[in-house]
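A.B. asks: Below are the sequence and a predicted model for it; my questions follow.
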Amino acid sequence: MFDKYKIRPDDDLKKIALRFNTNPEMIMDINNLYFEDEFRAGMEIIVPKGKEKYFNIYTIEKGDSLYKIAEKYNINPTLLASLNGLNMEDYIYPNQEILIPKSGYSYYITAEGDTLDTVAKTFNIKKADLLNQNDTIYLLKDQILVAKR
């Protein structure tokens, strides 16, 4: 259940992990790499399969800001930043690609101390449904979990 992914010039390890709903350590492990600086634009790596189904890709245009994009797609700007491994004050560049959450889903970014029970309660769904909708759950800080509304 893996795909090849060609690293883009504006990618970093955290952004790739977020895009494919995993963590940087998993990306490094499945690619037998030990240092983040081994990832370079143009390089093909292995990533978990089919994770982009919960997101659309948006290419930043001149004059865009996280606030403007969030307003355009009617989403919380802080969530938009977090989903893309950004801080609200980070600069975004024209032609940079970011993830836009698709409507019809709820998103949760894990924190230390989360359990399946607490995340399932947050989504107001059964643990089994949470597991079925997320192929891999590590419950490590900053993992994105998704639930169908």
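C.D. replies: In hand now; what should we look at?
A.B. asks: Run a quick check on residue 148 versus residue 107, I expect a contact.
C.D. replies: No: in this structure residue 148 lies outside contact range of residue 107 using CB atoms under 8 Å: 11.3 Å. C-betas here are computed from N, CA, C, even on glycine.
A.B. asks: average model confidence for the one helix or strand residue 132 maps to?
C.D. replies: Under the criterion of DSSP states H and E, residue 132 resides in helix 127-133. Per-region confidence: helix 127-133 scores 87 on mean pLDDT.
A.B. asks: That helix - contacts with which helices or strands?
C.D. replies: For helix 127-133, the helices and strands in contact under the criterion 3 or more CB pairs under 8 Å, 6 or more residues apart in numbering; DSSP states H and E are helix 116-123, strand 144-148.
A.B. asks: Could you tell me the per-residue confidence at the residue nearest to the spatial centre of the chain?
C.D. replies: Among the residues of the chain, the one closest to the centroid is residue 18, at 2.5 Å (CA atoms, centre = their mean). Each residue has a pLDDT score; the one for residue 18 is 80.
A.B. asks: Show me what counts as buried in stretch 100-120.
C.D. replies: Buried residues in stretch 100-120, defined by neighbour count with 16 or more other CB atoms under 10 Å: 100-101, 107-108, 110, 114, 119-120.
A.B. asks: Extract the CA atoms of the helix-or-strand element of the chain with minimal mean pLDDT and return them as CSV.
C.D. replies: Every helix and strand in the chain was compared by mean pLDDT, DSSP states H and E; the lowest is strand 2-6, with a mean of 80. This file holds the C-alpha atoms of strand 2-6, laid out as CSV (Å, rounded to 0.1, in the frame of the first residue of the first chain):
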residue,chain,number,x,y,z
PHE,A,2,2.6,2.5,-1.1
ASP,A,3,3.1,4.9,-4.0
LYS,A,4,6.1,6.8,-5.4
TYR,A,5,6.2,10.5,-4.8
LYS,A,6,8.5,13.0,-6.5
